[in-house]
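Student: sequence unknown, structure follows:
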């Protein structure tokens, strides 16, 4: 088994994070914010459960690293402060952290979000706030490596090109 590693995905809603995790996550534990929200509150995000979502992500990531697994954190991780949470966990557990930054254009992210139905679709207003809040990952944050992923193309997004 490879030593544990924490892979922190960074990107707006619709940027391809979950698609990247599905294509590259064989053998990894996938800590998906959306997946945990579905498991905890099947009718969508509820602010009353925010701390439970947060703690569930932490427990799963920490337990998987301690068991020797690679972990992929699938959430926007849009600010340096959001990413520091994962870097701290990696430091505490003595494992490297890698940032994988999705470089999908804002227009494609907006289009993909508009095609979503149900709780996965964020409001246009929220989408604009999230896009405006995206902070670039910088070398001084503490990631062992920062990788950029060009726009992922799959059968559902060819029209956005």
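Tutor: Done, it's in. Note that the structure is predicted; figures quoted are calculated from it, not measured.

Student: from here on, contacts and neighbour counts on C-alpha atoms
Tutor: Noted.

Student: for the lowest-mean-pLDDT helix or strand in the chain, what is the distance to the chain centroid?
Tutor: Least confident helix or strand of the chain, by mean pLDDT, DSSP states H and E, is helix 33-40 with a mean of 88. The chain centroid and the centroid of helix 33-40 are separated by 13 Å under C-alpha atoms, centre = their mean, to the nearest Å.

Student: who are the packing partners of it?
Tutor: helix 50-66 (3 or more C-alpha pairs under 8 Å, 6 or more residues apart in numbering; DSSP states H and E).

Student: what about residue 27, is that helix, strand or coil?
Tutor: coil (DSSP: H, G, I helix; E, B strand; the rest coil).

Student: could you measure from it over to residue 120?
Tutor: Counting by C-alpha to C-alpha, to the nearest Å, the separation of residue 27 from residue 120 is 25 Å.

Student: ok, residue 130 next?
Tutor: For residue 130, the distance to residue 120 - C-alpha to C-alpha - is 14 Å.

Student: okay, now the unreliable bits of this protein?
Tutor: 1, 151-161 (pLDDT under 70).

Student: what are the boundaries of the helices in it?
Tutor: Along the chain, counting by DSSP state H, helices occupy 17-24, 33-40, 50-66, 80-93, 106-115, 124-133.

Student: next, the buried residues of the last one.
Tutor: Yep, that's helix 124-133 we're talking about. Buried residues in helix 124-133, counted by 16 or more other C-alpha atoms under 10 Å: 127, 130-131.

Student: same question, the first one
Tutor: Residues of helix 17-24 classed as buried: 17-18, 20-21 (neighbour count, 16+ other C-alpha under 10 Å).

Student: check stretch 36-54 too.
Tutor: Quick answer for stretch 36-54 (16+ other C-alpha under 10 Å): 36-37, 40, 45, 53.

Student: which residues touch that stretch?
Tutor: For stretch 36-54, contacts defined as C-alpha atoms under 8 Å, 6 or more residues apart in numbering pick out 33, 56-57, 119.

Student: again, 6 Å this time
Tutor: With C-alpha atoms under 6 Å, 6 or more residues apart in numbering as the test, stretch 36-54 has contacts from residue 119.

Student: now do the least confident helix or strand of the chain against helix 17-24, angle only.
Tutor: Interaxial angle of helix 33-40 relative to helix 17-24 (axes from the mean of the first three to the mean of the last three C-alpha atoms, to 10 degrees): 100 degrees.

Student: tally of neighbours for residue 68?
Tutor: Using other C-alpha atoms under 10 Å, residue 68 is surrounded by 15 other residues.
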